[in-house]
Each structure stands twice: as structure tokens, then as C-alpha cells.
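Engineer: Coordinates for the following, if possible.
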Amino acid sequence: MKLLDQVGREFSGYNLLESAKRLVDRKPLQCSLYVTDRCNLDCSYCTEYDNSQPHPPLEDLKAWLLKIRALGTMRIALVGGEPLTHPDIVELVRYCRELGFATSLTTNGFLLTKAKLHALEKAGLQVMQISVDRMTPSPITKKTFKTILPKLDFFKNSKISLHITGVLCDDTLPESTAVLETGLARGIPTEVRLVHADPTSFYRVQRGSPAALKNFIEWMIQRKQNGEKIHTNAAVLDYQLSLLNGTPTDWTCTAGYKLFFVSAQGKFWECSMVKTDKHIMDITPEDLHANYRKKPCQVGCGVYCAVSTSLLIENPAKVVGKEIISRAKRVPALMRSAFTSRSNVLPSDARSPQHVNGSGDEAPPAKPHESVVSSTY
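Structural biologist: Next up is the predicted model:
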């Protein structure tokens with residue numbers, strides 16, 4: 001990948017022109033659409049799969065997408081369940097791009113093949129998020145690098161931007177350092193976020209030691225400040241740290257307004273935790289704007305996409321400014337990598353195949369059972 005392309009990737013996440021409009025108008029920034037409730041895994045902490053439900057028909061999904069776009073939404077996140085279980089997922093991505101959506105897809109990656117990735121890329125998919133919680137499977141989660149690591153080779157020279165997201169809880173904590181290091185070593189923006197409660201405010205897994213969780217979040221903040229590819233923005237990292245410290249954060253929730261969800265049955269949800277019986281086809285711009293308010297459920301909220309969007313709308317200069325500074329710190333490393341690779345006399349097939357997203361650094365093998373990071377960085 002050319003150096004300018006690599007630098008461009010570092011600043012391409014916000015789709016600045018249209019995103020800027022959403023900071024001042026009454027139109028939504030993003031919708032997360034559940035393309036199916038079905039999933040090939042059964043992770044203990046997950047609240048978002050139901051294998052008793054059939055896939056929604058493609059025609060219904062297209063009708064909902066047309067409505068979502070008519071409301072002015074600029075980004076669509078295809079989620080589940082497991083989106084790759086839907087037989088029409090490639091056609092769905094193609095239709096999203098035809099409507100003008102910036103399009104992403106979240107997957108556990110188990111069903112991803114090289115052919116499927118190529119088809120999604122050809123359909124116009126821009127971003128893929130792969131969920132990875134541990135290096136090795138456990139009774140709590142099967143989403144591990146043991147299965148996903150060989151698939152990272154598929155992304156070499158792909159136009160699809162990849163990032164990795166893990167969940168931080170008692171079960172995953174001992175291997176979270178290795179997950180983060182494995183992603184970062186391969187040039188992949190990576191994050192590990194605190195587990196959140198289900199819609200009844202119940203945690204389905206043990207959260208883990210508050211001190212160890214705080215230590216890990218502080219470590220990610222330090223890595224972020226050093227210019228490493230921690231995918232979480234600084235505002236949400238600070239927010240998670242405030243949750244662990246018991247320090248309240250003053251913000252106004254934009255869930256159901258600037259960001260909303262649509263279920264696999266076409267129901268309008270303010271977020272993944274706050275569900276309604278309203279159908280998306282009946283939602284008006286006035287309905288959306290009515291959700292722009294402080295809500296009782298936002299205290300301790302763990303729906304980080306809603307938190308991130310709300311903080312962005314509340315203070316765009318601070319949130320975007322910190323992210324730009326962080327990404328700018330990566331440019332010197334990209335330049336060094338580019339010049340190093342040019343001077344390398346090894347043939348291309350003799351180099352490591354594990355670099356994605358423009359990474360040029362050799363990826364060291366990950367230790368399978370790294371303990372949580374110590375208090376000294």
C-alpha cells in the first residue's frame with residue numbers, strides 16, 4: 001500500500017464533510033441494523049442473539065434501509081446476531097452503498113472466508129469489525145484469535161478497513177493484553193471495552209477486579225496518547241475510567257436521535273438496551289428529535305457507541321481534535337516503515353504475510369497466556 005494511502009486511512013474514519021453537517025442539523029448520524037438475530041456462537045455475556053428467529057427477508061431489510069436513509073442517516077452498521085449467517089448479506093451491503101450509506105459490518109469472523117471478504121469488498125463494504133475476546137476459547141466466549149488469526153491474511157491489500165474489538169471482564173482479563181498486543185503488532189486498530197449489563201441491568205458474567213480493570217483502561221489511555229492504534233477514542237476511554245472511579249460524567253444522551261437501532265423485526269430501538277414496539281417505517285424526524293434528552297438509564301451506560309456519539313455531538317472540537325492528534329502521531333512510524341520496506345532487499349514473498357491496514361512492521365508471535373498489564377507501563 002502506498003504511503004499516502006496509509007496516511008489517508010489514519011484520517012478517514014469520520015467522513016468529515018457529511019459528519020460535520022450532522023453536528024448542526026437534526027438528522028441522524030448512524031443506525032445499527034440487526035440483519036439477523038441468529039448466531040453461530042453462544043457467548044455468555046451476549047444479549048443480542050436468538051436462534052429461534054428466522055432471518056428477516058431481504059425485501060424487508062431493503063425497505064427498512066430506504067426508510068433509514070430517508071430520515072437522513074449517513075452511516076449504517078450491519079450487526080446481529082452474526083451478519084454473515086444471512087444468505088443475502090453481500091446483496092445487502094451492495095444496496096447500502098447504492099443508497100449512499102457509509103457501511104460497516106460487525107462479525108465474529110468464524111464464517112469469514114477469502115471469497116466472502118472479496119465479495120463484500122466488491123459490494124462496497126468499507127469497514128469490518130471483528131470481535132475477539134481472548135487468545136483461546138473458554139466457557140464464556142469462543143471469539144478468539146485461535147480461530148481468527150489465519151484469517152487476517154485475507155485483509156492484506158484489501159480496501160476494507162479492519163479493526164478488532166474485545167470485551168473486558170473477569171474471564172477475558174488474563175488474556176486481554178495479548179489480544180491487544182496481537183492486533184496492534186499487525187497494524188490493526190484494536191480495542192478492549194468494559195462489559196456492559198443486559199437490558200435488565202444484570203451482568204451475565206463476572207465483571208472482574210475493579211483495580212485490574214482500571215489498570216488496563218489506564219494502560220490503553222497511555223498507549224493511545226503515545227500514538228498507537230487504540231481504536232477507542234479518548235473521550236470513551238476517559239468515560240470508562242470514570243465508570244470505574246465512580247466519577248459521574250455530565251452528558252446528554254443522543255440515543256434514539258443521532259444514533260438509533262433497528263431490530264431484525266423492523267422495530268425502532270433507541271439503543272441496544274432501550275427497546276420500543278414502534279416500527280421503523282412509522283418513525284418521523286420529530287420522533288427522533290424527541291429522544292434528545294438526559295435519560296435515567298444513561299447513568300453508568302455501557303452502550304459505548306451511544307456514549308461516543310453523544311460526546312461527539314456535545315463537544316465535537318474536543319473529541320475530534322484529540323483523535324486527530326492521536327492519529328497524527330502515527331504518521332512518522334508509517335513513513336519510517338515505508339522507507340524501510342523500500343530498502344529491504346528481501347523478495348515480497350519472504351516477508352511476513354500478517355500485516356494489514358497498511359502495517360509494515362514485522363509481527364512478533366503473541367504469547368498465548370499473557371497476564372494483565374502491570375501497574376508500570
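
Engineer: isn't residue 116 right next to residue 83, touching?
Structural biologist: No. Counting by C-beta atoms under 8 Å, residue 83 is not a contact partner of residue 116; they are 11.0 Å apart. Heads up, the C-betas are built off the backbone N, CA and C, glycines and all.

Engineer: which of the two has more neighbours?
Structural biologist: Between residue 116 and residue 83, counted using other C-beta atoms under 10 Å, the more crowded position is residue 83 (25 against 15).

Engineer: Pull the contacting residues for the closest residue to that one other than its chain neighbours.
Structural biologist: Leaving aside its sequence neighbours, residue 83 sits nearest to residue 35 (C-beta to C-beta, 6 or more residues apart in numbering; 4.9 Å). With C-beta atoms under 8 Å, 6 or more residues apart in numbering as the criterion, the residues that contact residue 35 are 55, 56, 61, 78, 79, 80, 81, 83, 86, 89, 92, 264.

Engineer: Could you rerun that using 10 Å?
Structural biologist: 55-56, 58, 61, 64-65, 78-86, 88-89, 92-93, 105, 262, 264 (C-beta atoms under 10 Å, 6 or more residues apart in numbering).

Engineer: Which ones among the residues you listed lie within helices?
Structural biologist: Taking DSSP state H, the ones among the contacts of residue 35 that sit in helices are 58, 61, 64, 65, 89, 92, 93.

Engineer: which phi and psi does the nearest residue in space to the first one that is not next to it in sequence have?
Structural biologist: It stands for residue 58. Distance criterion C-beta to C-beta, 6+ apart; nearest residue to residue 58, sequence neighbours excluded, is residue 88 at 4.3 Å. Main-chain dihedrals, residue 88, degrees, to the nearest 10: phi -110, psi 20.

Engineer: got a list of what residue 88 touches?
Structural biologist: Residue 88 sits next to 35, 36, 55, 56, 57, 58, 59, 61, 62, 94, 95 when contact means C-beta under 10 Å, 6+ apart.

Engineer: The fourth one reaches residue 89, doesn't it?
Structural biologist: No. The pair residue 56 / residue 89 is not scored as a contact, 11.8 Å apart, by C-beta atoms under 10 Å.

Engineer: Which one's more surrounded, those two?
Structural biologist: Taking other C-beta under 10 Å, residue 56 and residue 89 do not tie; residue 89 has more neighbours (27 against 20).

Engineer: Now do the helices for the stretch 251-377 of the chain: every range, in order, please.
Structural biologist: Taking DSSP state H, counting those that start in this stretch to define them, one finds helices in the stretch 251-377 of the chain at 285-289, 304-314, 316-328, 331-343.

Engineer: contacts for the shortest one?
Structural biologist: What that stands for is helix 285-289. 26-28, 70-73, 254, 256-258, 260, 268, 270, 276, 278.

Engineer: same thing but at 6 Å, please
Structural biologist: 26, 257 (C-beta atoms under 6 Å, 6 or more residues apart in numbering).

Engineer: List the buried residues for that helix?
Structural biologist: Neighbour counts using 16 or more other C-beta atoms under 10 Å place 287, 288 of helix 285-289 among the buried residues.

Engineer: next one: that helix to chain centre, how far?
Structural biologist: 26 Å (C-alpha atoms, centre = their mean, to the nearest Å).

Engineer: Same question for stretch 21-33.
Structural biologist: 18 Å.

Engineer: now stretch 167-174
Structural biologist: For stretch 167-174 - counting by C-alpha atoms, centre = their mean - the centre lies 18 Å from the chain centre.
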